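# For reference, the sequence and a predicted model appear below.
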Amino acid sequence: MKKVFTPAQKAAVVLTLWKGEQTVNQVSSLYGVHPTQIRNWSIIAEQGLTNLFADKRRSEGKEQTELIQQLYQLIGQRDTELVWLKKNCTLTHSERTQLIEKEHPTISLTRQAALLDISRSSLYYQPRVNPEEQRLMNRIDQIYTHCPFYGSRKIRWALKNDYAVHLGREQVQRLMRLMGLAAIYPKVKPKTSQPNVQHRKYPYLLNNLAITRPNQVWGTDITYLKLETGCAYLTVILDWFSRYVISWQLSDTLEAGFCAERPCARRFGSPLRKSTTATRAANTPVWITPTFCSLKTLRSAWMGGAGVWITSLPSDCGAP
């Protein structure tokens, strides 16, 4: 059976050897331990004595100082990241309030409110409901449900005629915004000023040109006239010097053909320069043709991005 020695017994064997009164063999016979084992215990005891007299407080203090510095650095980094997150957070106040967990086991409400950058008192705020305003909103909702194409003006008149409620348009708009209501209507406008990318763009030759007489420069444009059932499209030729309406044409479509129907060329001849705006119909090959423009006029035709000086015709314009 292997004999087991306790630390106290090992220390007694080593101390007996260190006294120098007995040899290793004598100590081995006295305690029943092999001489090699005694020598190993002696080496371990010498190393332990060296560590015993070392200053452990200095090493422990150094390790503690390094740990404290690491903790302070981590805290500073967390504070900087928290400030950056609050600054760049795009959530609204109500959305941040919804993130609060009132039953969280470790993070208090005060700490959650500070982290989300909201006031703790706002967690307990209950909005006051005005019964009169709620009644108005219910009636607006009834009108909008029946006529979803009504805007604030028509809803205001419906409240006045059906419910004898007199409100300003601004108040109706505020209640509709609060309810998230908006009139449903077609919002696509006529595309009268979007050029075709395939059309050729001509150089603008009117820069620094003195317009001194009639029939020197003509301008043309297309606009739309809003009707009860849709839109009509009006194209006009205007003399830039006299502002005389040389010709005009009305159509219910934006086809290029009605732009090319120009009896004015036979009555007044062709101008030296012609300027058009960036419209689809007014710059098609049907419009820029030798039948209406001379070769010199064709080279000077311009397809620009800005509108001409007039967008609607007064009642005293010239006849076609």
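Cool, the structure landed. These figures come from a predicted structure and were not determined experimentally. Numbers count the residues shown, from 1 in each chain.
# where does the stretch 151-300 of the chain have low pLDDT?
Judged by pLDDT under 70, the stretch 151-300 of the chain has its weakly predicted residues at 189-195, 257-300.
# which residues of it fall in strands?
With DSSP state E, counting those that start in this stretch as the criterion, the stretch 151-300 of the chain has strands at 217-226, 231-239, 245-251, 273-276.
# Output the ones you listed as a markdown table; include the columns distance to Phe5.
All C-beta atoms are positioned from the backbone trio N, CA, C, and that covers glycine. Shown next, in a markdown table, are the strands of the stretch 151-300 of the chain (distance: least, Cβ to Cβ, whole Å):
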| stretch | distance to Phe5 |
| --- | --- |
| strand 217-226 | 110 |
| strand 231-239 | 110 |
| strand 245-251 | 117 |
| strand 273-276 | 113 |
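# now the ones you listed in a markdown table, with mean neighbour count and distance to Met179?
Formatted as a markdown table, the strands of the stretch 151-300 of the chain follow (neighbours: other Cβ atoms under 10 Å; distance: least, Cβ to Cβ, whole Å):
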| stretch | mean neighbour count | distance to Met179 |
| --- | --- | --- |
| strand 217-226 | 19 | 29 |
| strand 231-239 | 21 | 32 |
| strand 245-251 | 18 | 42 |
| strand 273-276 | 22 | 47 |
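# Next, the buried residues of stretch 123-136.
Using 16 or more other Cβ atoms under 10 Å as the test for burial, stretch 123-136 gives Leu136.
# what's the average pLDDT for it?
The average pLDDT for stretch 123-136 rounds to 86.
# Helices of the stretch 151-300 of the chain, start to end?
Using DSSP state H, counting those that start in this stretch, the helices of the stretch 151-300 of the chain run over 152-163, 169-179, 257-260, 264-268, 295-300.
# ignore the last one, the stretch 1-150 of the chain
Ranges of helices within the stretch 1-150 of the chain are 7-19, 24-31, 35-52, 56-88, 93-98, 109-115, 131-146, based on DSSP H, counting those that start in this stretch.
# closest to Val245 out of the ones you listed?
helix 131-146 (44.8 Å; Cβ to Cβ).
# ok and that closest one relative to helix 152-163, angle-wise?
Inter-element angle recorded for helix 131-146 and helix 152-163: 110 degrees (by axes from the mean of the first three to the mean of the last three Cα atoms, to 10 degrees).
# residues making contact with helix 131-146?
By Cβ atoms under 8 Å, 6 or more residues apart in numbering, the surrounding residues in contact with helix 131-146 are 150, 155, 158-159, 162-163, 165, 167, 172, 175-176, 178-179, 181.
# okay, the angle between it and helix 169-179?
80 degrees.
# Determine how far helix 131-146 lies from the middle of the whole chain.
Chain-centre distance of helix 131-146: 33 Å, with Cα atoms, centre = their mean, to the nearest Å.
# Kindly format the C-alpha coordinates of that helix as CSV.
Taking C-alpha atoms only, helix 131-146 is exported to CSV below (Å, rounded to 0.1, in the frame of the first residue of the first chain):
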residue,chain,number,x,y,z
PRO,A,131,-66.0,65.0,-25.9
GLU,A,132,-67.1,67.8,-28.3
GLU,A,133,-64.0,67.2,-30.5
GLN,A,134,-64.6,63.5,-30.4
ARG,A,135,-68.2,64.1,-31.6
LEU,A,136,-67.0,66.3,-34.4
MET,A,137,-64.4,63.6,-35.4
ASN,A,138,-67.1,61.0,-35.5
ARG,A,139,-69.3,63.1,-37.8
ILE,A,140,-66.3,63.8,-40.1
ASP,A,141,-65.6,60.1,-40.2
GLN,A,142,-69.2,59.4,-41.2
ILE,A,143,-69.0,62.0,-44.0
TYR,A,144,-65.6,60.7,-45.2
THR,A,145,-66.8,57.1,-45.2
HIS,A,146,-69.8,58.0,-47.4
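# residues touching Pro186, list them.
By Cβ under 8 Å, 6+ apart, the contact list for Pro186 is empty.
# Let's see that with 10 Å instead.
Contacts were defined as Cβ atoms under 10 Å, 6 or more residues apart in numbering; by that measure Pro186 touches Phe149.
# Same check on Met179?
Neighbour list for Met179: Met137, Asn138, Ile140, Asp141, Tyr144 [criterion: Cβ under 10 Å, 6+ apart].
# May I have the beta-bridge partners of Cys225?
Wrong residue type there; residue 225 is Leu, not Cys. Ala232 (DSSP bridges).
# Over to Thr220?
Ile237, Thr276.
# Start at 42, not 1
Got it, the first residue is 42 from now on, which makes the last one we talked about Thr261.
# separation between it and Leu279?
Per Cβ to Cβ, to the nearest Å, Thr261 is found 7 Å from Leu279.
# quick revisit: now distance to Ile79 too, for the contacts of helix 172-187, in TSV please.
Output for these, formatted as TSV (distance: Cβ to Cβ, whole Å):
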residue	distance to Ile79
Tyr191	108
Ile196	107
Ala199	111
Leu200	110
Asp203	113
Tyr204	111
Val206	110
Leu208	108
Val213	105
Leu216	100
Met217	100
Leu219	95
Met220	96
Leu222	99
